[in-house]
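> Got a sequence here, can you model it:
(chains A and B)
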Amino acid sequence: GEDVEQSLFLSVREGDSSVINCTYTDSSSTYLYWYKQEPGAGLQLLTYIFSNMDMKQDQRLTVLLNKKDKHLSLRIADTQTGDSAIYFCAVGLYGNTGKLIFGQGTTLQVKP
Amino acid sequence: ETGVTQTPRHLVMGMTNKKSLKCEQHLGHNAMYWYKQSAKKPLELMFVYNFKEQTENNSVPSRFSPECPNSSHLFLHLHTLQPEDSALYLCASSQEKSGGAENTQYFGPGTRLTVL
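Numbering: from 1, shown residues only, chains lettered A, B, ... in the order given. Here you go, the predicted model:
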């Protein structure tokens, strides 16, 4: 079955760029998503990219997709303390199942 | 209200209790989802409803019983739960259930469930 892997923890200094990485196994992915979860809250959709795109930029967020290597990354420019949260990568599969396969989440710690 | 709302936000119940979780979406979507989020485990999809019809039951024990009376409301009825069922239960909705952009899922804040 589909497997999505993320590193568990990333620590950066305020003002630096953060890069959160994700790898997946299924080549029949369609859309790939990044969600943010703050303590005690649900998942907030940050951005998503269609699998035939290489890059998508949205203000401070840049998503890069290397479909050959099945690698997705989220870059946050000028990281702020408010960006501290858990970031989940999710992969949508081809077909009519509605399923998203989630990684285990990367905890981003931003130090002042 | 906008987006996806869930009530209650916190619930403590004994193993012999019966309770229900409620989810409501104000996005005009047609698909709704229940997920379970446990500590140190990936998000687990439990149930999928599309146009009020259940299309996915991800081998969920029968002590969890979903109900979708219309496209805007989703319930999860709980009875005789176990302590290992303690988790954050998240509801989500999407425009429809598909492999395309219409499947982009929007989440509620979750219900933190503790089973004693």
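> what does chain A put close to chain B?
Neighbours of chain B within chain A, by Cβ under 8 Å from any Cβ of the partner chain: A:4, A:30-31, A:33, A:35, A:40-45, A:48, A:50, A:88, A:92-100, A:102-105. Backbone N, C-alpha and C define where each C-beta goes, glycine included.
> Just the buried residues from those residues, in PyMOL please.
Per 16 or more other Cβ atoms under 10 Å in any protein chain shown, the buried members of the residues of chain A next to chain B correspond to this PyMOL selection:
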select buried, chain A and resi 4+30+31+33+35+42+43+44+48+88+92+93+97+98+99+100+102+103+104+105
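> Strands of the chain, residue ranges please.
No chain was given, so I picked chain A. In chain A, the segments counted as strands under DSSP state E are A:4-6, A:9-13, A:18-24, A:29-37, A:43-50, A:55-58, A:61-66, A:71-76, A:85-93, A:100-102, A:106-111.
> Sorry, I should have been clearer: chain B.
Ranges of strands within chain B are B:4-7, B:10-13, B:18-25, B:31-37, B:44-50, B:53-57, B:64-70, B:73-79, B:87-94, B:106-107, B:111-115, based on DSSP E.
> Touching the first one from outside, list them.
Contacts with strand B:4-7, where a contact means Cβ atoms under 8 Å, 6 or more residues apart in numbering or on different chains, come from A:42, B:21-27, B:89-93, B:106-111.
> Can you tell me how far residue B:33 is from chain A?
Counting by Cβ to the nearest Cβ, to the nearest Å, the gap from residue B:33 to chain A is 7 Å.
> neighbours around residue A:67, how many?
If you count neighbours by other Cβ atoms under 10 Å in any protein chain shown, residue A:67 ends up with 14.
> typo on my end, residue A:68
With other Cβ under 10 Å as criterion, residue A:68 counts 7.
> what do you get for residue B:17?
So residue B:17, with other Cβ under 10 Å, has 14 neighbours.
> Just put the strands of chain A in TSV and tack on mean pLDDT.
As requested, those are exported to TSV (pLDDT from 0 to 100):
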stretch	mean pLDDT
strand A:4-6	95
strand A:9-13	97
strand A:18-24	97
strand A:29-37	93
strand A:43-50	95
strand A:55-58	95
strand A:61-66	97
strand A:71-76	97
strand A:85-93	94
strand A:100-102	91
strand A:106-111	97
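> now for the ones you listed, which one comes closest to residue B:59?
strand A:100-102 (15.6 Å; Cβ to Cβ).
> next one: that closest one to chain centre, how far?
Averaging C-alpha positions (Cα atoms, centre = their mean, to the nearest Å) puts strand A:100-102 11 Å from its chain's average.
> Are there helices or strands packed against that strand, and which ones?
Other helices and strands packing on strand A:100-102, by 3 or more Cβ pairs under 8 Å, 6 or more residues apart in numbering or on different chains; DSSP states H and E, are strand A:85-93.
> Going by contacts, tell me the helices and strands next to the strand it packs on.
strand A:4-6, strand A:18-24, strand A:29-37, strand A:71-76, strand A:100-102, strand A:106-111.
> Any chance of those strands in JSON lines with distance to residue B:5 as columns?
Listed next are these as JSON lines, based on distance: least, Cβ to Cβ, whole Å:
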{"stretch": "strand A:4-6", "distance to residue B:5": "28"}
{"stretch": "strand A:18-24", "distance to residue B:5": "28"}
{"stretch": "strand A:29-37", "distance to residue B:5": "17"}
{"stretch": "strand A:71-76", "distance to residue B:5": "27"}
{"stretch": "strand A:100-102", "distance to residue B:5": "21"}
{"stretch": "strand A:106-111", "distance to residue B:5": "26"}
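> Around the residue lying closest to residue B:10 once chain neighbours are set aside, count how many other residues there are.
Nearest non-adjacent residue to residue B:10, counting by Cβ to Cβ, 6 or more residues apart in numbering or on different chains: residue B:112, 4.9 Å away. Residue B:112 has 16 neighbouring residues, counting by other Cβ under 10 Å.
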